[in-house]
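# Please find the sequence and the predicted model below.
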2 protein chains.
Amino acid sequence: MHAATVSRALNPATRHLVSPETVQRVDRVAAALGYRVNPVARSLKTARSASIGLIVPDLMNPLFPPIVRGVEDVLLPIGYHAWIVNTDNDPAREAATVEAMRGRNVEGFVFATARLEHPLIEQLDAADVPLVLVNRRSGRPDIPSVTPDDVSGVAMAMSHLVELGHRKIAHLAGPQDLSTGVTRLRAYRQSLEDHGLAPAPERIATCKEWSQPAGAEATARLLDSGAEFTAILAGNDLLALGAYDALAQRGLACPADVSIVGFNDIPFIDRVSPPLTSVRIPQYDIGAEAARLLLEELRDPGRHPRSIILPLKLCVRGSTAAPRP
Amino acid sequence: MHAATVSRALNPATRHLVSPETVQRVDRVAAALGYRVNPVARSLKTARSASIGLIVPDLMNPLFPPIVRGVEDVLLPIGYHAWIVNTDNDPAREAATVEAMRGRNVEGFVFATARLEHPLIEQLDAADVPLVLVNRRSGRPDIPSVTPDDVSGVAMAMSHLVELGHRKIAHLAGPQDLSTGVTRLRAYRQSLEDHGLAPAPERIATCKEWSQPAGAEATARLLDSGAEFTAILAGNDLLALGAYDALAQRGLACPADVSIVGFNDIPFIDRVSPPLTSVRIPQYDIGAEAARLLLEELRDPGRHPRSIILPLKLCVRGSTAAPRP
DNA sequence: GACGCAACCGCAATCGATTGCGGCACAGCA
DNA sequence: TGCTGTGCCGCAATCGATTGCGGTTGCGTC
């Protein structure tokens, strides 16, 4: 019994090259010996690994764990594994990680860290490395991605505020080097126009990062500038929490003085005080769809790249109310 | 120039076997060619991999991401990688994962999933696989672990309640197949005794899992049973949130009617209403210490196993107050 | 009975490193 | 001059699989 025959018998793809009796014999002996193929040796020979890299900026941001779960739940049943790493938004750390993963023959990547300008991603794409972006996109629209329908989400949030009677709506814009930040800001402007409201640049405050302190700082800036507004559309939930802080510090009440809408609907955000009205993003589905997309790419490398946009839902809670008359 | 020489020149541990001039020449050429050693080939030959496995029950539980970060931040600077997987508390999934990781030559494990009875962990330990348990321990005290000082934590929480004037204190106990659940329950009983309070079994409700619904269900059981209490010591924050729900459903107010103390101090728990008084666990440090412990084991396999207990801190917030007179 | 065709299996090369051992050169010493 | 010791380096085996190619076997056909 030669090793080559055993190899063929054990591999479903080559099993037909071996007689059924031999296959059976191999199976029996393998089971008896507790034999397992060595993935490292296999990977060395085949340059594959049954695993993909999952690049996340920071797992401590509650937005990402559900995405991770979505990816895992699609991959594990078919014997694939996801290799997860945090980058802390540090390009050097990201590059080192990607390098290490490529050296270990990962078959593709899911990136949750895309920036509009992202040389590493463009370089991988140019090298025909299968990859899918999640949540955020890069500036290159031809790279496959799975993202929320930010435009509709903002539109829903804005309509909600307008219906409540708000006319002066401020926006805490996210980082403008990220697609989410840019898209939501643009959608905010568009939405103002759609509702016949005048644009008011002084009601827009940009945050350098998606964090609570950044949100607080930006809100404080708005308040200090003397801009008038009765509601805030926050670029995401963390910024909204920061807005809570800034308002509280000024003795302003939410929603009595200012209504706030968040974005993402992260876990537990329905438990804060007041419960945050937020646009729910199907985080788990984003991860799952990304994994499926990547698997398609792996199976059929020449395929036309495809991107997916997932629908959102507005969750109305206690942070929004009609403005003071 | 033979491959063997190059190998030796590139490896810091064997570099002294090669003349300095040759080392320099190799370095130059390697840099010029952009040559990287192939980790897969190296791993096949050496049976090492510069990576460890990190087994987590569920990343969506906010307790775990900081632990993951702690582990990563210690490993990455020295060129090691952590390979993270969720098990969903499913032993089969855990076993499959561990199997896959061992096949890929991970050098050790950090387990955040330990149960008191845990055949897989005992089996790995018996096979001299380096491993460290975090957050929870197994029934075998000789297996290295990094855990919070649950006993002191419970004592602090209980003292806080007693000082406020509470005498009838209930406990939402966690799963009794987990060390954390058992230890905290025991510490609760001990603490009653220390304060000269009579034990009251009817004030203890056990939860099958660390989840919000389980906490709500257990609290409802306590309320339905007619047991008297003015405060609840919850086994962890999720159970405490569940208690919030159950109280609210009965029209009871926290802390006016019932004070609640949580455990873990997960992110954002200071933002719920009312902000939860909770025992803070140094999650990041747990992860970091575990990684350091594991690295020690790898460097010096014969070493005497060591466990670490980290101190806790009580964060007093709005969910605790003096009982109604 | 000779031939052709499949089906099946084994040989040996290959993936890219690591490492024990032996050989060679050169220096030091008698 | 000859011998020993040391420092470098290369040979070849090895890790454990995969795979192109060629050889063997068995069977059907003329």
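Nice, I can see it. Here the structure is a predicted model, which means the values were calculated and not measured.

# so how far is stretch A:52-62 from its chain's centroid?
9 Å (C-alpha atoms, centre = their mean, to the nearest Å).

# Can you get me the start-to-end distance on that stretch?
22 Å (C-alpha to C-alpha, to the nearest Å).

# Just to be sure, residue A:154 is in a helix?
Yes - according to DSSP: H, G, I helix; E, B strand; the rest coil, residue A:154 belongs to a helix.

# What distance do you get for it to residue A:201?
Separation of residue A:154 from residue A:201 (C-beta to C-beta, to the nearest Å) stands at 17 Å. C-beta coordinates here come from the backbone N, C-alpha and C atoms, glycine included.

# Kindly report the same for residue A:5.
Separation of residue A:5 from residue A:201 (C-beta to C-beta): 73 Å.

# These two: who's more crowded?
Neighbours were counted for residue A:5 and for residue A:201 using other C-beta atoms under 10 Å in any protein chain shown; residue A:5 has more, 16 against 7.

# next one: phi and psi at the more buried one?
phi -60, psi -40 (degrees, to the nearest 10).

# residue contacts, it?
Residues in contact with residue A:5 (C-beta atoms under 8 Å, 6 or more residues apart in numbering or on different chains) are A:18, A:22, A:26.

# So which residues on chain A come close to DNA strand C?
When proximity is defined as C-beta under 7 Å from any atom of the strand, chain A approaches DNA strand C at A:1-5, A:16-22, A:41, A:44-45.

# how about the strand or helix carrying residue A:30: buried residues?
Take DSSP states H and E as the rule and residue A:30 turns out to sit in helix A:20-33. By 16 or more other C-beta atoms under 10 Å in any protein chain shown, the buried positions in helix A:20-33 come out as A:23, A:25, A:26.

# Tell me which stretches of chain A form strands.
A:51-56, A:81-86, A:109-111, A:131-134, A:145-148, A:169-173, A:204-206, A:231-234, A:259-264, A:277-280, A:308-310, A:313-315 (DSSP state E).

# tilt between the first one and strand B:81-86?
Using axes from the mean of the first three to the mean of the last three C-alpha atoms, to 10 degrees, the interaxial angle of strand A:51-56 with respect to strand B:81-86 works out to 90 degrees.

# For chain B, tell me whether strand A:51-56 is touching it.
No - residues of strand A:51-56 contacting chain B under C-beta under 8 Å from any C-beta of the partner chain: none, with a closest distance of 8.6 Å.

# thinking again about what came up before, most tightly packed of the strands of chain A?
Across the strands of chain A, averaging neighbours per residue (mean count of other C-beta atoms under 10 Å in any protein chain shown) puts strand A:231-234 on top, at a mean of 30.

# what distance separates the helix holding residue A:30 from the centre of its chain?
45 Å.

# Kindly report the same for stretch A:238-254.
Taking C-alpha atoms, centre = their mean, the mean C-alpha location of stretch A:238-254 is offset from the chain mean by 26 Å.

# Flag every buried residue along it.
By neighbour count on 16+ other C-beta under 10 Å, the buried set for stretch A:238-254 is A:238, A:239, A:240, A:241, A:242, A:243, A:244, A:245, A:246, A:247, A:254.

# Find the nearest non-adjacent residue to the first one, please.
Read that as residue A:238. Excluding its sequence neighbours, the residue lying closest to residue A:238 (C-beta to C-beta, 6 or more residues apart in numbering or on different chains) is residue A:212, at 5.0 Å.

# what's around that neighbour, how many residues?
Neighbours of residue A:212 under the rule other C-beta under 10 Å: 19.

# That one: what's it in contact with?
Per C-beta under 8 Å, 6+ apart, neighbours of residue A:212: A:238, A:239, A:241, A:242, A:245.

# Provide a list of residues in contact with the fourth one.
When contacts are counted by C-beta under 8 Å, 6+ apart, residue A:242 is found next to A:172, A:211, A:212, A:213, A:214, A:215, A:216, A:217, A:218, A:219.

# Name the nearest of those relative to residue A:277.
Distance to residue A:277 across the contacts of residue A:242 (C-beta to C-beta) is lowest for residue A:172, with 14.3 Å.

# gap between that closest one and residue A:231?
11 Å.

# sorry, back to before: and which of the residues of chain A next to DNA strand C is nearest to residue A:177?
The closest of the residues of chain A next to DNA strand C, once distances to residue A:177 are taken by C-beta to C-beta, is residue A:44, at 39.2 Å.

# so the closest one sits right up against residue B:42, yeah?
No - assessed by C-beta atoms under 8 Å, residue A:44 is found out of contact with residue B:42, at 9.6 Å.

# Specify the beta-bridge partners of residue A:310.
Using DSSP bridges, the bridge partners assigned to residue A:310 are residue A:148.

# now the helices for the stretch 1-150 of chain A?
A:3-10, A:20-33, A:39-46, A:64-75, A:91-103, A:119-126, A:150-164 (DSSP state H, counting those that start in this stretch).

# Show me what the second one is packed against.
Which is helix A:20-33. helix A:3-10 (3 or more C-beta pairs under 8 Å, 6 or more residues apart in numbering or on different chains; DSSP states H and E).

# And DNA strand D, is the helix it packs on touching that?
Yes - residues of helix A:3-10 are located near DNA strand D by C-beta under 7 Å from any atom of the strand, namely A:3, A:4, A:7, A:8, A:10.

# for the closest residue to DNA strand D within the stretch 151-300 of chain A, what are its contacts?
Nearest to DNA strand D, among the residues of the stretch 151-300 of chain A, is residue A:298, at 15.0 Å (C-beta to the nearest atom of the strand). Applying C-beta under 8 Å, 6+ apart, one finds that residue A:298 lies in contact with A:107, A:108, A:130.

# now, which of the residues you listed sits nearest residue A:270?
Comparing these against residue A:270 with C-beta to C-beta places residue A:108 closest, at 34.9 Å.

# how far away is the closest residue to that closest one other than its chain neighbours from DNA strand C?
Among residues not flanking residue A:108 along the chain, residue A:130 sits closest, at 3.6 Å (C-beta to C-beta, 6+ apart). Plainly put, residue A:130 is 19 Å away from DNA strand C if you go by C-beta to the nearest atom of the strand, to the nearest Å.

# same question, residue A:231
Counting by C-beta to the nearest atom of the strand - residue A:231 and DNA strand C are separated by 59 Å.
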